[in-house]
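Participant: The sequence and its predicted three-dimensional model are supplied below.
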Amino acid sequence: MEPITGITRGGTAYTPTFVTALNQANCIGCGRCYKVCPRNVLELVERSADDEAYDEDEDNSMVMSLANALDCIGCGSCGRVCPKQCHTHEALPLGA
């Protein structure tokens, strides 16, 4: 299937890339991606105790997760602000 494409106001075609995964092992829970997401795709959650990055004495007990991945509009803002490059983006077909 062909990926979703759009047209800018200037008439240029583009293919949005949607967030499909988030590497929680690299995530520092800074919340930058959460703040820039216009569609509430992300959610800050407690890091699980069995996660290798979990340290009870550190302030890294929170981690980002994909709460509503199907609401992603493919703007890529989350990936641009992430200092650890935790987000994976892909061009997807309609309904995927």
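Facilitator: Nice, thanks for sending it over. Numbers count the residues shown, from 1 in each chain.
Participant: and Ala21, bridged to which residues?
Facilitator: Here Ala21 sits in beta bridges with Thr88, going by DSSP bridges.
Participant: Report how many residues lie close to the closest residue to Ile73 other than its chain neighbours.
Facilitator: Using CB to CB, 6 or more residues apart in numbering and skipping the chain neighbours, the partner closest in space to Ile73 is Arg39 (5.8 Å). Quick note: C-beta positions are derived from backbone N, CA and C, even for glycine. By the criterion of other CB atoms under 10 Å, Arg39 has 12 neighbours.
Participant: which ones are touching Arg39?
Facilitator: Arg39 makes contact with 68, 71-73, according to CB atoms under 8 Å, 6 or more residues apart in numbering.
Participant: again, only using 7 Å
Facilitator: Residues in contact with Arg39, defined by CB atoms under 7 Å, 6 or more residues apart in numbering, are 71-73.
Participant: Cys86 too?
Facilitator: By CB under 7 Å, 6+ apart, the contact set of Cys86 is 22-23, 26-27.
Participant: at 10 Å instead, please
Facilitator: Applying CB atoms under 10 Å, 6 or more residues apart in numbering, we find Cys86 in contact with 19, 21-28, 30, 33, 63-64, 78-79.
Participant: hey, where'd the helices end up in this protein?
Facilitator: Applying DSSP state H to the chain gives helices spanning 32-36, 77-81.
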